[in-house]
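# What follows is a predicted protein model with its sequence.
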Amino acid sequence: MLRERAAPDPGRPVIFSPFGLGILDLAVEHRLFRQAREEGRLLDVTGFFGETRRW
């Protein structure tokens with residue numbers, strides 16, 4: 001993008017996050033988690049993490 005070797009598709013939205021998408025993902029996830037918990041809509045996915053002994 002910086003060297004103009006690629007260009008964004010003008011027909012699709014462009015998202016820019018100065019913080020990096022990692023922190024944005026965490027913020028959105030936390031908001032959705034709280035909302036789901038408040039509404040009683042959390043879903044436990046048994047076995048989602050295959051390896052948890054090291055945690």
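Thanks, I have the structure now. Numbering: from 1, shown residues only.

# center of this protein - which residue?
Asp25 (3.3 Å; CA atoms, centre = their mean).

# tell me which strands and helices whatever helix or strand that residue lives in is in contact with?
Element membership of Asp25, judged by DSSP states H and E, is helix 21-38. Counting contacts by 3 or more CB pairs under 8 Å, 6 or more residues apart in numbering; DSSP states H and E, helix 21-38 packs against no other helix or strand. To be clear about C-beta, it is placed using only N, CA and C from the backbone, and glycine gets the same treatment.

# next one: that helix to chain centre, how far?
8 Å (CA atoms, centre = their mean, to the nearest Å).

# Also stretch 5-15?
20 Å.

# what mean pLDDT does that stretch have?
For stretch 5-15, the mean pLDDT works out to 85.

# Using CSV, write out every CA atom in it.
Provided in CSV are the C-alpha atoms of stretch 5-15 (Å, rounded to 0.1, in the frame of the first residue of the first chain):
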residue,chain,number,x,y,z
ARG,A,5,2.0,-1.8,-5.4
ALA,A,6,-1.4,-2.7,-4.1
ALA,A,7,-4.6,-0.6,-3.8
PRO,A,8,-7.7,-1.1,-1.7
ASP,A,9,-10.8,-2.3,-3.5
PRO,A,10,-12.9,0.9,-3.9
GLY,A,11,-16.1,-1.3,-3.7
ARG,A,12,-15.3,-2.5,-0.1
PRO,A,13,-15.0,-0.6,3.2
VAL,A,14,-11.5,0.2,4.5
ILE,A,15,-10.9,0.0,8.2
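
# so who does Arg54 touch?
Applying CB atoms under 8 Å, 6 or more residues apart in numbering, we find Arg54 in contact with no residue.

# Leu42 now?
Phe33, Ala36.

# Ala36 versus that one, what's the distance?
5 Å (CB to CB, to the nearest Å).

# ok, back up a step: so how far is Val14 from the residue nearest to the centre of the chain?
17 Å.

# One more: Glu38?
33 Å.

# one step back: what is the mean pLDDT for the helix holding Asp25?
88.

# Counting neighbours, what do you get for the nearest residue to Val14 once chain neighbours are set aside?
Using CB to CB, 6 or more residues apart in numbering and skipping the chain neighbours, the partner closest in space to Val14 is Pro8 (5.1 Å). Counted with other CB atoms under 10 Å, residues neighbouring Pro8 total 9.
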